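Engineer: Provided below are the primary sequence and the corresponding predicted coordinates.
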Amino acid sequence: MLEGLSKPKAFPIRQEPRMSDTYLPGDPPISLILRRSAQAKRVSLRISQLDGRVTLTLPKRLAEREALAFARSKEDWIRKHLDAREDDVVVRHGARIALGGRLIEVRQGAGRRVEITPEAILVPGPEERAGKRLLAHLKEIARDRLAGACDDYAATLGRPYARLSLRDTRSRWGSCTSDGGLMFSWRLILAPPEVLDYVAAHEVAHLAEMNHSAAFWAQVERIYGDYAAPRGWLRAHGSGLHRYKF
């Protein structure tokens, strides 16, 4: 999977938890986010693959001690999944990040512009601004690549789109509104090119079918081709794109 310059495992913890904090003691202690829900019928537990947050959802009237007892009974499972989570990568000179699906090193650059070569990404200026400068550059590249892909797929589909925007979304890689607006995660530029193209085709196909019916998937296949591999890559590895901290 993706590799890079990493910091220690990002358990969602405080170094010295206060007694009023909700946490599992141990080494390290694990912070727990308790969320009450009127719809919840029982306690459920979720670990975010993006940031490692551990969330306990419990029914509105359930005693907090019961939810904590449930978490303690699952402690081994929680720690196993946190250990398996990939380390975050702080983007700075010397870090290796994914770009177009391959790892490449960020190095000190000269001049005034970010330069991407086959061997490295050259980012000029002080190291403390390297992440922000590179982020702005990657967003420009992502917009160009996605706009080009969407133009091509929309022409093949025979349906124009109204606008294109970029965000840093956590739960989806793209979306299409009923009035033809397309939105994408800029982090798609970090993925292999065929993955970015697939997501572009997926959202463009929604211009014709605002659903995930068989007719929709037929449109995706018509304008993109066999989408099984890039779709599978995104499901297996997509969460890893969020570990790069700019």
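Structural biologist: Perfect, thanks for sending it. As the structure is a prediction and not an experimental result, all values here were calculated from the model.
Engineer: same question for the longest helix seen in the chain, mean pLDDT?
Structural biologist: In the chain, assigned by DSSP state H, the helix with the most residues is helix 130-157. The average pLDDT within helix 130-157 is 98.
Engineer: Residue 67 is in contact with residue 34, isn't it?
Structural biologist: Yes: with contact defined as C-beta atoms under 8 Å, residue 67 counts as touching residue 34 (6.3 Å). For glycine as for every other residue, the C-beta is placed from the backbone atoms N, C-alpha and C.
Engineer: any residues in contact with both of these two?
Structural biologist: 56, 58 (C-beta atoms under 8 Å, 6 or more residues apart in numbering).
Engineer: Heading C-terminal from the longest helix of the chain, find the next helix or strand.
Structural biologist: strand 163-167 (DSSP states H and E).
Engineer: And that following strand, what's buried?
Structural biologist: Neighbour-count burial for strand 163-167 flags 164, 166 (criterion: 16 or more other C-beta atoms under 10 Å).
Engineer: just stretch 138-147 next, same as before
Structural biologist: For stretch 138-147, by 16+ other C-beta under 10 Å, it's 138-139, 142-143, 145-146.
Engineer: right, and the pair among those residues with maximum separation?
Structural biologist: 138 and 146 (12.0 Å; C-beta to C-beta).
Engineer: The chain: helices as residue ranges?
Structural biologist: Under DSSP H, the chain gives helices at 64-73, 75-84, 130-157, 193-205, 214-223, 228-237.
Engineer: by contact count, what packs against the first one?
Structural biologist: The reference is to helix 64-73. Applying 3 or more C-beta pairs under 8 Å, 6 or more residues apart in numbering; DSSP states H and E, we find helix 64-73 packed against strand 30-37, strand 54-59.
Engineer: can you check the second one too?
Structural biologist: On a contact count with 3+ C-beta pairs under 8 Å, 6+ apart, helix 75-84 meets strand 30-37, strand 44-47.
Engineer: Quick one: closest of these to residue 151.
Structural biologist: Here strand 44-47 is closest among the helices and strands packed on helix 75-84 (C-beta to C-beta), at 38.3 Å.
Engineer: For that closest one, name the packing helices and strands.
Structural biologist: Against strand 44-47 (3+ C-beta pairs under 8 Å, 6+ apart) you get strand 54-59, helix 75-84.
Engineer: got these as a markdown table, with mean pLDDT columns?
Structural biologist: Shown next, in a markdown table, are the helices and strands packed on strand 44-47 (pLDDT from 0 to 100):
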| stretch | mean pLDDT |
| --- | --- |
| strand 54-59 | 90 |
| helix 75-84 | 85 |
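Engineer: now the ones you listed as CSV including mean neighbour count and distance to residue 207?
Structural biologist: Formatted as CSV, the helices and strands packed on strand 44-47 follow (neighbours: other C-beta atoms under 10 Å; distance: least, C-beta to C-beta, whole Å):
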stretch, mean neighbour count, distance to residue 207
strand 54-59, 18, 35
helix 75-84, 13, 38
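Engineer: Residue 174: which of these is closest?
Structural biologist: strand 54-59 (25.0 Å).
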